[in-house]
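Trainee: following is a predicted model, sequence given first.
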Amino acid sequence: MIFGPAGAVFYRLSHIVTMEWQPQEVTPFNQLARKVFTWLNWPPAFVTAGSFAIVGDFEDAIYCWRSQAESWSDKAMGMILASGAGALGVRIGEPLPMNGILVYRPEIGLGDEADADYLRSAVGLVWRVLVLLIGLLLLLTFAHWLGH
């Protein structure tokens, strides 16, 4: 956001480099790419998780965020998923078969197990976050106009 379109391109390129450039090997270049992407990815993940908590079930979202997000392998994704699951009141994460291998994913969230019925609630949560952020952007714009 700070660097405009160049920042968006840099963010996407850092993600591509992190995911595609020999992800199985540990080299100084890979470590630097992962560190840069982690720093770039943290603010949007933090804003997204915080927005889920604000527009959803705040107490459960914050509880899940603080107690369960660290158990996910990708910390930013764990923060978003834990906050979203807590905001919706569902439990997510179970072993998932990927390429013939069973990948363990820790269980996060509270309440019922997620099923297809919760998709409508998840879409509503995303819409409420969108309305919140657009409203905040409009409020800041009006404040800027009034400040001159």
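Mentor: Structure received.

Trainee: now do the contacts for the closest residue to residue 72 other than its chain neighbours.
Mentor: Using C-beta to C-beta, 6 or more residues apart in numbering and skipping residues adjacent in sequence, the residue nearest residue 72 is residue 78, 2.7 Å away. Quick note: C-beta positions are derived from backbone N, CA and C, even for glycine. Going by C-beta atoms under 8 Å, 6 or more residues apart in numbering, residue 78 touches 68, 69, 70, 71, 72, 108.

Trainee: quick one: residue 78 is in a helix?
Mentor: Yes: Residue 78: assigned to a helix according to DSSP: H, G, I helix; E, B strand; the rest coil.

Trainee: follow-up on the earlier one: for the contacts of residue 78, give me TSV that also has secondary structure.
Mentor: Shown next, in TSV, are the contacts of residue 78 (three-state DSSP):
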residue	secondary structure
68	helix
69	helix
70	helix
71	helix
72	coil
108	strand
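
Trainee: just the buried ones from those, in PyMOL syntax?
Mentor: To isolate the buried members of the contacts of residue 78 in PyMOL, using 16 or more other C-beta atoms under 10 Å:
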select buried, resi 68+69+72+108
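
Trainee: quick one: low-confidence parts of this protein?
Mentor: In the predicted model of the chain, residues 1-2, 22-23 satisfy pLDDT under 70.

Trainee: how about the helices in it?
Mentor: Ranges of helices in the chain, per DSSP state H, are 5-20, 28-55, 58-68, 75-88, 118-147.
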